[in-house]
Each structure stands twice: as C-alpha cells, then as structure tokens.
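Asks: only geometry, no sequence info:
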C-alpha cells in the first residue's frame, strides 16, 4: 500500500496515475475525493457532514468522521485481501487523521 498525503491540487492524483503506469503489478488509486463523491449530497455543507469554505477551508462533522473511519477500514480490508492500493489523502485533522489510518493499516506494509 502507498499513501500519498498533501493539500488539494498538490499533484497527488497525478503521482498516483504515474505510479499506476510504471509499477509492474496493477494498483488501484483511491482518494479522499472517492469517499466524498460516494457520500449522499445531503451530507454536503452540513454541520455533521462536510463543508467547504470559500477560502478553501474544510470542515467535517461526526457523520463524516464515522464514514471516514469505515472507509479507511474498508480500504485496509481490500489490501488485506490482496489488492494493491495507492491512497490519495488529505489529512484534514493532521495527526488525528494519520492515527486513524495508522490504526486501520496496522500490520500492513505501507509506504
């Protein structure tokens, strides 16, 4: 598993596509945008879901956090089942976000 972390428009998605092109085995590319796109529209711009400020700020609530934890566990399950995964991530809560992923990915080889 490979985790790419960085701000919006930092080039993570492009790096993931390049890695998919040069790595000898097939790799899936999944990103936090995959999670946000999969959420119902009703979770957009709500206190419990996810909201985006005009200045680029991102605000997340408890419903988003619950789905985020489940999503990370699901990605980890895919890796445990044999899938090679590149995650394009933005640690919205800094160290807390890293710890959530660290917990989900425990025991896996991660770069």
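Replies: Yep, that arrived. Note that the structure is predicted; figures quoted are calculated from it, not measured. Numbering: from 1, shown residues only.

Asks: Spatially central residue in the chain, please.
Replies: The structure's the chain has its C-alpha centroid closest to residue 32; by CA atoms, centre = their mean the separation is 3.5 Å.

Asks: Could I get the pLDDT score of that one?
Replies: Note for residue 32: predicted pLDDT of 84.

Asks: please begin residue numbering at 780 from this point
Replies: Got it, first residue is 780 now, which makes that one residue 811.

Asks: so how far is residue 886 from it?
Replies: Residue 811 is 23 Å from residue 886, where distance means CB to CB, to the nearest Å. To be clear about C-beta, it is placed using only N, CA and C from the backbone, and glycine gets the same treatment.

Asks: Then residue 835?
Replies: To residue 886, residue 835 is 35 Å away according to CB to CB.

Asks: where do the helices sit along the chain?
Replies: Secondary structure of the chain, counting by DSSP state H: helices at 791-801, 811-817, 841-859, 874-883.
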